[in-house]
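In: Quick one, fold the following:
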Amino acid sequence: MKSVLISIQPYWVFLIIARAMGWNILQKKTVEVRKDFPKASDWNKVVHIYCCKNRKSFNRIPKQYQPFMKKFLGKVMGEFVCDSIDEFLVFKNKTVQYWNYHNLEKSCLTYDEIANYIGTNKKGYGWHISDLKIYDTPKELGAFRISRYCKEKDCENCKRKRGEYICDKRLTRTFQSWGYVDAL
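Out: This is a model prediction of the structure:
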């Protein structure tokens with residue numbers, strides 16, 4: 001079974017974990033907005049959270065929480081179960097069709113933020129976050145591997161399956177948005 005590794009900016013990671021940590025903040029992020037979603041039939045609905053190293057995003061976190069959050073930068077800090085994914089359309093007239101206001105509120109994003117990310121007259125997807133687990137010790141990317149078709153000749157990580165070379169190597173850098181992984 002495949003799981004997913006998703007890259008999330010530090011401020012949004014903060015909003016995802018804040019209530020679970022018992023921090024008294026007004027917002028709680030329980031929906032992650034993306035341009036795409038996993039379609040593999042063998043996806044186990046587990047999503048591992050990689051906390052990006054974006055300094056601008058990190059500086060949006062209230063100062064009292066920054067020392068705690070610093071340990072997550074550049075690491076896989078937890079996971080959640082994506083129990084459902086909602087499709088929505090973003091229109092120029094500042095409406096998000098097929099998605100109720102409650103889900104927009106759960107994403108902690110404004111219409112303008114969604115429109116700037118997704119684009120207007122385009123589809124977006126709201127990944128619902130449930131069963132959040134925060135790792136006691138954040139994991140390095142090398143704790144995950146990807147299996148993909150390999151084009152390299154003489155690759156030492158490749159295994160021959162069904163006439164194709166399948167490369168099974170440890171992750172050394174994260175995906176820009178998300179990708180399929182296997183935990184080691």
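
In: Next one: the closest residue to residue 141 other than its chain neighbours from residue 50, what distance?
Out: Closest residue to residue 141 apart from its sequence neighbours, by CB to CB, 6 or more residues apart in numbering: residue 171 at 4.4 Å. C-beta here means a position set from N, CA and C on the backbone, and glycine is covered the same way. Using CB to CB, to the nearest Å, residue 171 is found at 9 Å from residue 50.

In: Looking at those two, which one has more neighbours?
Out: Just comparing residue 171 and residue 50: by other CB atoms under 10 Å the higher neighbour count belongs to residue 50, 25 against 20.

In: helices and strands of the protein: which one has the lowest mean pLDDT?
Out: strand 158-161 (a mean of 57; mean pLDDT, DSSP states H and E).

In: what do residue 171 and residue 50 both touch?
Out: Any residue near both residue 171 and residue 50 by CB atoms under 8 Å, 6 or more residues apart in numbering counts here, and that gives 5, 141.

In: any chance you could map the helices in this protein?
Out: 10-17, 55-58, 66-69, 101-106, 111-118 (DSSP state H).

In: which of the ones you listed sits most buried?
Out: By mean neighbour count, with neighbours taken as mean count of other CB atoms under 10 Å, helix 10-17 ranks first of these at a mean of 23.

In: quick one: low-confidence ranges for the protein?
Out: For the chain, residues meeting the criterion pLDDT under 70 lie at 95, 98, 101, 147-168, 183-184.

In: Now do the contacts for residue 129.
Out: The contact partners of residue 129, taken as CB under 8 Å, 6+ apart, are 16, 29-32, 47, 80, 82.

In: Would you mind measuring from it to residue 102?
Out: As judged by CB to CB, residue 129 and residue 102 stand 14 Å apart.
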